[in-house]
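[1] what would the 3D arrangement of this be:
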Amino acid sequence: MTPSRAEKLDKIFGTPLFAVLLAIFCNVLWGCAFPFIKMGYRLFEIDPSNTASIFCFAGARFMLGSLLVLLGSTLLQSRMPTFPKGKVFAECCVLGLWQTTIQYAFYYIAVAMLTGAFGSILNSTQSFLGAIFAHFIYGNADRMTPAKTLGCAVGFVGVLIGTLGNHGGGSGWGVFCMLFATVVFTLSGPWNKSVTKKADSFAVCFLNLFVGGAALFVLGTALGGRLGSVTPLGILVLLYLAFICGAGYLLWALLMKNNPVSRIAIFGFVNPVVNVLLSAVLNGEPLFRWQYLAALVFVCVGIWLVNKAPAKKEEQ
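    Numbers count the residues shown, from 1 in each chain. Down below sits the predicted model:
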């Protein structure tokens, strides 16, 4: 029997070398997000305290990203995605409200209140929380090991160093929002992995981004938010952010579906490194503050330790 296009796609994404390269690429994209979002706030003249307009900006990004998923489906599968029905369709929509609306509502508020370096250090806790949560969700298939325990300890020490004397301009609320968004993201991983086994990955990605983004945009508009100055450069930044979420989310979902988490999660250390460097280059943020550099080293080592050994029996 000739394998379908979807089966061929799954086989390609399950190839170890290809999976590793794409995992690095996804983390480079996500590392770009934080500094480009802050740039977008400036270009669209969105005040950091204007939560409603922040939600409009985020919602527009994710809805545009969802359209790129449809384009990706057409290019990779030569067809539009096959949308699920009934309970699976409803589950995809609820996942979108959880993973996109709730997570990014808090994330975007945090971006407005924290520097890129500080925010990325806090956001890196997702790697360590993921290892801890996986122990309880998957049991013996992905249990805590001495290396993972050490990695979590080293990583959290890095986060602690990053917080010494610096709370993103004194914003404790920004710290809370970033940590809460990180917890939501971590809990979304197993759910997303489960849903993509029951429905077309492209359809799951589209519904997640479109439903979640539309909810953010409607909420922001209802609260009186709007996009301020619309310029060609601002539109380009928004489109690039849409590409990051559309391409990054879709590729990561396909990687999660076809690989053990440990094969691709190890490259999460790329994300904060890219974030810190671009925040300095694009937004003029401090690069050589000792807390950031020391925290970055601890966090990267922690992520490597947590993910360096494949899980024994984790399901594909």
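[2] where does the chain dip in pLDDT?
    Within the chain, the segments meeting pLDDT under 70 span 1-6, 135, 137-142, 163-170, 261-262, 265-266, 287-288, 307, 309-316.
[3] show me where it has strands.
    Along the chain, counting by DSSP state E, no stretch forms strands.
[4] helices of that one, residue ranges please.
    Remark: helices assigned in the chain by DSSP state H are 5-13, 16-43, 51-77, 86-96, 103-113, 116-123, 125-138, 146-163, 172-195, 201-222, 232-258, 261-265, 270-283, 290-307.
[5] mean neighbour count for those - can I get that in JSON lines?
    (C-beta placed from N, C-alpha, C; glycine too.) JSON lines is the format used below for the helices of the chain (neighbours: other Cβ atoms under 10 Å):
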{"stretch": "helix 5-13", "mean neighbour count": "14"}
{"stretch": "helix 16-43", "mean neighbour count": "20"}
{"stretch": "helix 51-77", "mean neighbour count": "21"}
{"stretch": "helix 86-96", "mean neighbour count": "16"}
{"stretch": "helix 103-113", "mean neighbour count": "24"}
{"stretch": "helix 116-123", "mean neighbour count": "28"}
{"stretch": "helix 125-138", "mean neighbour count": "20"}
{"stretch": "helix 146-163", "mean neighbour count": "19"}
{"stretch": "helix 172-195", "mean neighbour count": "19"}
{"stretch": "helix 201-222", "mean neighbour count": "23"}
{"stretch": "helix 232-258", "mean neighbour count": "19"}
{"stretch": "helix 261-265", "mean neighbour count": "21"}
{"stretch": "helix 270-283", "mean neighbour count": "20"}
{"stretch": "helix 290-307", "mean neighbour count": "22"}
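[6] ok, the residue lying closest to Leu250 once chain neighbours are set aside - contacts?
    Distances taken as Cβ to Cβ, 6 or more residues apart in numbering place Cys205 nearest to Leu250, at 4.8 Å, with adjacent residues excluded. Neighbouring residues of Cys205 by Cβ atoms under 8 Å, 6 or more residues apart in numbering: Ser66, Val69, Gly246, Tyr249, Leu250, Ala253.
[7] Phe210 is in contact with the fourth one, correct?
    In other words, Tyr249. No - with contact defined as Cβ atoms under 8 Å, Tyr249 does not count as touching Phe210 (11.5 Å).
[8] returning to what we had before: just name the closest of the contacts of Cys205 to Gly96, please.
    Nearest to Gly96 among the contacts of Cys205: Ser66, at 9.2 Å, using Cβ to Cβ.
[9] that older thread, how about the contacts of Cys205 in JSON lines, adding distance to Ala110?
    What follows is these, written out as JSON lines (distance: Cβ to Cβ, whole Å):
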{"residue": "Ser66", "distance to Ala110": "23"}
{"residue": "Val69", "distance to Ala110": "25"}
{"residue": "Gly246", "distance to Ala110": "22"}
{"residue": "Tyr249", "distance to Ala110": "19"}
{"residue": "Leu250", "distance to Ala110": "24"}
{"residue": "Ala253", "distance to Ala110": "24"}
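[10] what is the nearest of those residues to Val157?
    Nearest to Val157 out of the contacts of Cys205 is Tyr249 (Cβ to Cβ; 30.5 Å).
[11] find the nearest non-adjacent residue to the closest one, please.
    Tyr249's closest residue in space is Cys205 (Cβ to Cβ, 6+ apart), at 5.5 Å.
[12] now do Gly151
    Of all residues beyond its chain neighbours, the one nearest Gly151 is Leu305 (2.9 Å), with distances taken as Cβ to Cβ, 6+ apart.
[13] who are the neighbours in contact with the one you found?
    With contact taken as Cβ under 8 Å, 6+ apart, Leu305 is in contact with Ala147, Lys148, Leu150, Gly151, Val154, Gly155.
[14] now, the most widely separated pair of these?
    Ala147 and Gly155 (12.2 Å).
[15] which neighbours do the two have in common?
    Common neighbours of Ala147 and Gly155, using Cβ under 8 Å, 6+ apart, are Leu305, Val306.
[16] check the offset of stretch 74-89 from the chain's centre.
    Using Cα atoms, centre = their mean, to the nearest Å, the distance from the centre of stretch 74-89 to the centre of the chain it belongs to is 22 Å.
[17] pull the contacting residues for Gly212.
    If you count contacts by Cβ under 8 Å, 6+ apart, Gly212 has them with Phe62, Gly96, Leu97, Gln99, Thr100, Thr101, Tyr104.
[18] same thing but at 6 Å, please
    By Cβ atoms under 6 Å, 6 or more residues apart in numbering, Gly212 lies in contact with Phe62, Gly96, Thr100, Thr101.
[19] turn these into a markdown table, including distance to Trp173.
    Output for those, formatted as a markdown table (distance: Cβ to Cβ, whole Å):
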| residue | distance to Trp173 |
| --- | --- |
| Phe62 | 23 |
| Gly96 | 25 |
| Thr100 | 21 |
| Thr101 | 19 |
